[in-house]
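*Asks:* have a look at this fold, sequence not included:
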């Protein structure tokens, strides 16, 4: 249990997708103008990561990795389908994003319209694919560990986009110099928040 908590905390703070790896910056910058839309997109990212990473873990360990097909019989022990991992991961992500899009359109049309094109673009959000590739690289021993990492990464991305959205709502009423208004000041604040999150890297877990 302690290992799962450590993996989750590390995904939220130390290996934060935005501030440690700068993954998913396009939607992070574009949809963070209001807290409401940021919360909606952040929750969608948590859901997609929490579903796709465990599914991709199962694909990796029981279908794609060398020797993973040994359960089919002795003739499949040396079969290696790892070259298909990228396209399989993307296919799983795209299908889950389509599901999320249909759910949000059904139950929250206002959020669906405010997210606009950036909701289907979760499918090409590099933080989602990054979660699957990090899972593959780190070779988690169980699906529970992979799920803990996915949820931690999603929560970290959620915190990042909600925090910047709250700050952007406040600075709308601030006396920001003309050339820095909009994305200029947002990039500066993101850099400062990234420096702040670097402090968590000193935590020994």
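*Replies:* On my side now, so go ahead. All values derive from a computational prediction rather than experimental measurement.

*Asks:* C-alpha only now, for contacts and for neighbours.
*Replies:* Fine.

*Asks:* and stretch 94-107, what's buried?
*Replies:* Of the residues in stretch 94-107, those scored as buried under the neighbour-count criterion (16 or more other C-alpha atoms under 10 Å) are 94, 96-97, 100-101, 104.

*Asks:* now that stretch, how far from the centre of its chain.
*Replies:* Distance, stretch centre to chain centre, for stretch 94-107: 16 Å (C-alpha atoms, centre = their mean, to the nearest Å).

*Asks:* just to revisit the earlier point, can you list the buried residues of stretch 94-107 in CSV and add distance to residue 56, pLDDT and secondary structure?
*Replies:* As requested, the buried residues of stretch 94-107 are arranged in CSV below (distance: C-alpha to C-alpha, whole Å; pLDDT from 0 to 100; DSSP: H, G, I helix; E, B strand; the rest coil):
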residue, distance to residue 56, pLDDT, secondary structure
94, 12, 90, helix
96, 12, 88, helix
97, 14, 88, helix
100, 17, 85, helix
101, 20, 86, helix
104, 23, 84, helix
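
*Asks:* and the residues you listed as TSV, adding distance to residue 161?
*Replies:* Rendered in TSV, the data for the buried residues of stretch 94-107 read as follows (distance: C-alpha to C-alpha, whole Å):
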residue	distance to residue 161
94	22
96	21
97	18
100	19
101	19
104	19
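
*Asks:* helix or strand with the lowest mean pLDDT in the chain?
*Replies:* For the chain, the helix or strand with the lowest mean confidence is helix 109-115, at a mean of 81 (criterion: mean pLDDT, DSSP states H and E).
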